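Trainee: no sequence for this one, just the structure:
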Ligand code: TRP
């Protein structure tokens, strides 16, 4: 198999399980490990987990199936796949714009993802060397602030993380992506289990369990549904062609429906397990649950610093976060990378390096958002980082996801879709079209409108 040069379209995952692991590697990321546990706790615990599962089933899975099936049908980069499929079904070649949107979203997301992942890498070292052992809350908070205030340090870790990502993707599907995934995913499972055992013995397990699973329906608001949907969407890496690009390498005999359900189950399992590893440690130390970066980079190091073997397990936690981030980062490059390799018949490594440089430069904006440019704001008072984050996650991804399912259900020939999915019975086909062609896009539309509405209102005021 021509792995490092010529067209990317001849490449295949070695077997169905490697696709499952690769897609799960893309899905499991920063979103699962700090975002999910916190929002579940705040939006009604077990009640939110139920809502989230409904969103995964009703929206996430149909969109992912659509993306993967289109990828496998087109067998090329998302841009070329869209061009091919549009032609095959007699539609305008302008549908390839969907592929371009994905490429853009990939650049934007990776540019900041690498910066944040760099923080996790820094914290492996900081925790491991005992910086937080016995430290006070002020000291831990201050050390995070000092780190953020130093562009040089942030750039150093961003560069290291990005360089590793680029090195891996440059090696191609089997030698790069698969090799990394074969190592990182099992290690990630082992680390998570070790942390779960540690959390179980921390003395705060019951409280952590209650925080995440008690059915607090009174804490569920209409907004919780939107949050659950947005999370389902982001955590499964949908809407930008990542799954389409990975789908292009799926062997012909893999059953798509069950494969996608497996991926969604792994992703959900890890999100829940992450919560069960984090909260007991926080509660065992009598700390408050803080949001986002604060929870991961201040509260947790503080909690680990108070515990026996805390520097070891703290370092393991950040190692887990870094592994989760790198398998996601790899997947963010694939839509653009596979396109450039096909279009210009270029060497994967060379293209990978060029992509890396672009993301690195864009990422400087995120680095400076935390120090030099912290006062520079764009639309709606957002910093550069917040703007890039908002535009990619709340605009490009939902728009992409909606259009992808719409195309897969209403524009692709029906028999082709049924064949790709192995659907034989007419009623299954109807049910699938109802779910993926009506329910899923309408739900995404609701999220989309509700997230951009405040922005539009802000612009018009
Ligand atoms: N799913 C990843 C997470 O939970 C992030 C991610 C990776 C992603 N690739 C993506 C999100 C593509 C959207 C699209 O952190």
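Mentor: Arrived safely, thanks for sending. These numbers were taken from a predicted model, which means no experiment stands behind them.
Trainee: check contacts around residue 334.
Mentor: By Cβ atoms under 8 Å, 6 or more residues apart in numbering, the contact list for residue 334 reads 106, 169, 177, 242, 245, 246. C-beta here means a position set from N, CA and C on the backbone, and glycine is covered the same way.
Trainee: what about the helix or strand in which it is found and the ligand, touching?
Mentor: Assigned by DSSP states H and E, residue 334 falls within helix 310-344. Yes: using Cβ under 6 Å from any ligand atom, we find that helix 310-344 touches the ligand at 328, 331, 332.
Trainee: Verify the stated contact: the last one with residue 103.
Mentor: Read it as residue 332. No: contact criterion Cβ atoms under 8 Å: residue 332 and residue 103 do not qualify, at 10.2 Å.
Trainee: For the ligand, what's the nearest residue on the stretch 101-250 of the chain?
Mentor: residue 237 (3.5 Å; Cβ to the nearest ligand atom).
Trainee: which one is that residue nearest to, not counting chain neighbours?
Mentor: Nearest non-adjacent residue to residue 237, counting by Cβ to Cβ, 6 or more residues apart in numbering: residue 26, 4.5 Å away.
Trainee: So what's the residue count around that neighbour?
Mentor: As a burial measure, residue 26 scores 25 neighbours (other Cβ atoms under 10 Å).
Trainee: hmm, who's touching stretch 404-418?
Mentor: Contact with stretch 404-418 is made by 62-63, 66-67, 69-70, 73, 82, 85-86, 88-89, 91, 95, 98, 239, 241, 244, 423-424, 429, 433, 436-437, 440-441, 444, as judged by Cβ under 8 Å, 6+ apart.
Trainee: now the helices for the stretch 301-450 of the chain?
Mentor: For the stretch 301-450 of the chain, applying DSSP state H, counting those that start in this stretch gives helices covering 310-344, 348-369, 384-390, 397-406, 414-421, 426-434, 440-460.
Trainee: mind checking which of those is nearest residue 200?
Mentor: Judged by Cβ to Cβ, the one of the helices of the stretch 301-450 of the chain that comes nearest to residue 200 is helix 310-344, at 12.3 Å.
Trainee: Buried residues of that closest one, list them for me.
Mentor: 310-342 (16 or more other Cβ atoms under 10 Å).
Trainee: any bit of stretch 252-271 sitting next to the ligand?
Mentor: No: judged by Cβ under 6 Å from any ligand atom, stretch 252-271 makes no contact with the ligand; its nearest approach is 7.8 Å.
Trainee: buried residues in that stretch?
Mentor: Buried positions in stretch 252-271, judged by neighbour count with 16+ other Cβ under 10 Å: 254, 256-257, 259-264, 266-268, 270-271.
Trainee: pLDDT (mean, whole number) over that stretch?
Mentor: Per-region confidence: stretch 252-271 scores 94 on mean pLDDT.
Trainee: With stretch 169-182 instead?
Mentor: 90.
Trainee: cool, stretch 189-200 as well?
Mentor: Over the span of stretch 189-200, the pLDDT mean works out to 93.
Trainee: Out of the contacts of stretch 404-418, which end up buried?
Mentor: Listed as buried from the contacts of stretch 404-418 are 62-63, 66-67, 69-70, 73, 82, 85-86, 95, 98, 239, 241, 244, 423, 429, 433, 436-437, 440-441, 444; burial here means 16+ other Cβ under 10 Å.
Trainee: List, out of these, those positioned next to the ligand.
Mentor: Of the buried ones among the contacts of stretch 404-418, not one also sits near the ligand (Cβ under 6 Å from any ligand atom).
Trainee: Spatially, which two of the contacts of residue 334 are the most separated?
Mentor: Farthest pair in these (Cβ to Cβ) is 106 and 177. Separation: 14.8 Å.
Trainee: Go ahead and confirm residue 182 touches residue 25.
Mentor: No: contact criterion Cβ under 8 Å: residue 182 and residue 25 do not qualify, at 10.1 Å.
Trainee: neighbour count winner among those two?
Mentor: Taking neighbours as other Cβ under 10 Å, residue 182 and residue 25 compare with residue 25 leading, 28 against 14.
Trainee: Helix or strand for that one, just tell me which one.
Mentor: helix 16-27.
Trainee: Is whichever helix or strand comes after that helix in proximity to the ligand?
Mentor: Note on helix 16-27: by DSSP H and E, the next helix or strand toward the C-terminus is helix 30. Yes: judged by Cβ under 6 Å from any ligand atom, helix 30 comes into contact with the ligand at residue 30.
Trainee: when you scan whichever strand or helix holds residue 187, is anything in it near the ligand?
Mentor: Using DSSP H and E, residue 187 maps to helix 179-200. No: applying Cβ under 6 Å from any ligand atom, one finds helix 179-200 separated from the ligand by no less than 12.8 Å.
Trainee: Right, I'll leave it there.
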